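My questions are about this predicted structure, shown below with the sequence.
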Amino acid sequence: QVQLVESGGGLVQAGGSLRLSCTASGGTVDNYWLGWFRQAPGLEREFVAAISWTGYTRPYADSVKDRFTISRDNSANTVYLQMNSLKPEDTAVYYCAVDSGLRDLRARGGMYRGQGTQVTVSS
């Protein structure tokens with residue numbers, strides 16, 4: 001079973017940047033979609049971004065487009081989320097997920113997902 005561990009969260013002022021990392025173990029994720037989701041208290045899970053196994057296709061939520069960048073390093077079984085121009089409304093627990101297809105990834109939040117890392121943006 002694939003295990004995912006996120007890191008890189010923290011407290012940052014509005015306008016700042018953070019880089020999240022998520023490393024998979026227990027299996028390779030080379031041929032799978034990887035994605036990031038977030039969930040704020042009292043709100044539903046929200047899709048943030050995903051990346052195909054080749055890295056060529058990278059859909060983003062409208063709310064983060066042009067501010068966040070997803071990337072992956074298949075040799076390291078790792079996916080990254082570079083977050084720039086952070087806003088208070090970006091505050092949430094961010095978690096990464098893996099699935100065989102984009103539709104399934106977005107619909108069920110991944111067949112495997114990590115425990116999440118807290119991102120807090122102060123105004």
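Okay, I see it. Residues are numbered from 1 along each chain as shown.

what's the distance between the spatially most central residue of the chain and Ser123?
Centrality entry for the chain: nearest residue to the mean C-alpha point is Trp36, 2.2 Å, by CA atoms, centre = their mean. Distance check for Trp36 against Ser123: by CB to CB, to the nearest Å, it reads 23 Å. C-betas here are computed from N, CA, C, even on glycine.

pLDDT of the helix or strand harbouring Val12, averaged?
Assigned by DSSP states H and E, Val12 belongs to strand 10-13. Strand 10-13 shows a mean pLDDT of 98.

And the contacts of that strand?
Applying CB atoms under 8 Å, 6 or more residues apart in numbering, the contact partners of strand 10-13 are 18, 86, 118-122.

Give the pairing partners of that strand; include direction for each.
Here strand 10-13 is paired, per DSSP bridges, with strand 117-122 (parallel).

still on that earlier bit, tell me which residues of the strand holding Val12 are tucked away?
By neighbour count on 16 or more other CB atoms under 10 Å, the buried set for strand 10-13 is Val12.
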